[in-house]
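Q: mind looking at a prediction? Sequence and model below.
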Amino acid sequence: MFRPLTAVLPVAAMICVSASALWANHTPVVSLTYLTDVPNQKTQRFDPNAVVWQTRATDHFDIYYTQQGELDDVARKAERAYSRLTLDLRHQLSEKVPLILLPAKGDLPRNEQEAIGIVRASGAPDRDHLLLPLEPRDRRATVLLHELTHLFQFELVANSRVPQWASDGLADHETRTWESADLVKVRAAATANAIPALVSLSDSDRVWGHAVFDFIAAEYGSRGVKQYLISLGDSTLSDSDIIRATFGISAAEFDGGFRRYVRMQLIQRSVVAPARGRRFHSTIGRQGYFLHRETHCCATSLRL
C-alpha cells in the first residue's frame, strides 16, 4: 500500500475511444484521440498502396513513413513521451512500437478495414501500432503521450479489465494538460457539491477519471498511480477492496481526500488546453489512432 507524499503537487492531463477489428488469429482494438471535425468525405484520401514506405528505427520505435519532412520532430517527441511514461509507470515495453505516419488527420482510417490496410501496406508487423498524422502539428507531443499511455496500460494489465473511465483518465493525466471545457465541468460540480464518489464512476466519466489520477499522483506519487492501475485489473477485488489494498484507507476516506483535492487545488488551475470542438464517441475524426491487437473493455467498442 502507499502512504501520501508530504508535498502535494498538482498534476494535470487529457482523452480516447475504440473499435475492434479482426486479424487472422487475434482481435486488435482501434483507439483514437482528440476528436475534431469529421474529415471531408469529398477530399481525395491517402492511398497507402500507392506510395513508397520507408522505415526509421529509434531506441523504442520503428517509424514507418512516406514523407521525410517531419520525421526528426516526430522521432524526438515520441522518444520523449516514451521516457516520461517509463519514468511515471516504472515500466519498459517488451517490444518496439510500430509508429505509422500519415500525411494529415483526414487520412486516418475510418474503419477497421482501412486501418488493417494501412498497417499491411506500410510493412509494419501485426502487433500494437500507433498511427499518427503529420498535420496538424499542434499538440503532437500530447497526442503521442496519450496514445502511448494506452499501450503501456495494455501491457501492464494483461487481462485488460481496466474500466474506460480509468483508461481514458490515466491517458489524460499523463499528458499534463486539461481541456478548458473539462475544467469548467469539474468546477461546476465542485460548486454544486456534486463531486462523485469513486465507486460511482462509469464509462462516461472520463473527466473524473482524469481528476482521480491527478489526485493519486499528487497524494501517493507515481508508484501509487501504477499500483492502482494494476489493482483495477484484479478481478478478485471489489471497488472498495481496490482502494484499501492499494492505499490502506477506506473508499470513504479516499473520496474525502479526493473532494478536498478538487476544491482546494484542481479547480484553481489556470493553465489549460484550448477548447478543441465537440467530442463524441465514434471511430471517426481524431488526431491520433491506436491499433491494439487484443479486445479490451477500456473504450467504446465496435465488436465485429
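A: Nice, I can see it. Numbering: from 1, shown residues only.

Q: ranges for the helices of the chain?
A: 71-89, 112-122, 140-156, 164-174, 180-191, 206-232, 239-247, 251-264 (DSSP state H).

Q: mean neighbour count, these: which tops it?
A: Each of the helices of the chain was given a mean neighbour count from mean count of other C-beta atoms under 10 Å, and the largest, a mean of 28, is that of helix 164-174. C-beta coordinates here come from the backbone N, C-alpha and C atoms, glycine included.

Q: now do it, average pLDDT.
A: In this model, helix 164-174 has a mean pLDDT of 95.

Q: okay, the angle between it and helix 140-156?
A: On the basis of axes from the mean of the first three to the mean of the last three C-alpha atoms, to 10 degrees, helix 164-174 is oriented at 130 degrees to helix 140-156.

Q: what's helix 164-174 packed up against?
A: Judged by 3 or more C-beta pairs under 8 Å, 6 or more residues apart in numbering; DSSP states H and E, the packing partners of helix 164-174 are helix 71-89, helix 140-156, helix 206-232.

Q: okay, these in JSON lines with mean pLDDT next?
A: Converted to JSON lines, these look like this (pLDDT from 0 to 100):
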{"stretch": "helix 71-89", "mean pLDDT": "96"}
{"stretch": "helix 140-156", "mean pLDDT": "92"}
{"stretch": "helix 206-232", "mean pLDDT": "95"}
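
Q: okay, the ones you listed in JSON lines with distance to A181 next?
A: Converted to JSON lines, the helices and strands packed on helix 164-174 look like this (distance: least, C-beta to C-beta, whole Å):
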{"stretch": "helix 71-89", "distance to A181": "24"}
{"stretch": "helix 140-156", "distance to A181": "16"}
{"stretch": "helix 206-232", "distance to A181": "9"}
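
Q: surely L71 touches Y65?
A: Yes. Between L71 and Y65 there is a contact under C-beta atoms under 8 Å: 5.9 Å.

Q: which neighbours do these two share?
A: Common neighbours of L71 and Y65 are listed as 56, 101 (criterion: C-beta atoms under 8 Å, 6 or more residues apart in numbering).

Q: for A50, find the nearest of the helices of the chain.
A: Nearest to A50 among the helices of the chain is helix 112-122 (9.0 Å), distances taken as C-beta to C-beta.

Q: ends of stretch 97-112, how far apart?
A: End-to-end span of stretch 97-112 (C-alpha to C-alpha, to the nearest Å): 19 Å.

Q: flag every buried residue along that stretch.
A: Neighbour counts using 16 or more other C-beta atoms under 10 Å place 97-103, 105-110, 112 of stretch 97-112 among the buried residues.

Q: what is the mean pLDDT for it?
A: For stretch 97-112, mean pLDDT rounds to 91.

Q: contacting residues for P48?
A: Neighbour list for P48: 117-118, 121-122 [criterion: C-beta under 8 Å, 6+ apart].

Q: and the chain, what are its domains?
A: The chain is divided into the following domains under automatic domain parsing: 17-158+276-292, 164-268.

Q: give me the distance between the two termini of the shortest one.
A: Think domain 164-268. With C-alpha to C-alpha as the measure, domain 164-268 spans 26 Å from end to end.

Q: stretch 46-66 now?
A: 11 Å.

Q: hang on, L101 packs against Q68?
A: No. Between L101 and Q68 there is no contact, the gap being 10.1 Å when judged by C-beta under 8 Å.

Q: what is the end-to-end distance of stretch 51-63?
A: 15 Å.

Q: one more: stretch 87-107?
A: Stretch 87-107 end-to-end distance (C-alpha to C-alpha) = 32 Å.

Q: ok, back up a step: how about the buried residues of stretch 97-112 in JSON lines, adding distance to W53?
A: Shown next, in JSON lines, are these (distance: C-beta to C-beta, whole Å):
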{"residue": "V97", "distance to W53": "16"}
{"residue": "P98", "distance to W53": "11"}
{"residue": "L99", "distance to W53": "12"}
{"residue": "I100", "distance to W53": "9"}
{"residue": "L101", "distance to W53": "10"}
{"residue": "L102", "distance to W53": "11"}
{"residue": "P103", "distance to W53": "13"}
{"residue": "K105", "distance to W53": "19"}
{"residue": "G106", "distance to W53": "19"}
{"residue": "D107", "distance to W53": "14"}
{"residue": "L108", "distance to W53": "17"}
{"residue": "P109", "distance to W53": "16"}
{"residue": "R110", "distance to W53": "20"}
{"residue": "E112", "distance to W53": "20"}
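
Q: wait, which of those is closest to A251?
A: Closest to A251 out of the buried residues of stretch 97-112 is V97 (35.8 Å), distances taken as C-beta to C-beta.

Q: and the closest residue in space to that closest one that isn't next to it in sequence, what is it in contact with?
A: For V97, ignoring the flanking residues on the chain, the nearest one in space by C-beta to C-beta, 6 or more residues apart in numbering is F61 at 5.0 Å. Contact analysis of F61 by C-beta under 8 Å, 6+ apart lists 75, 78-79, 82, 96-99.
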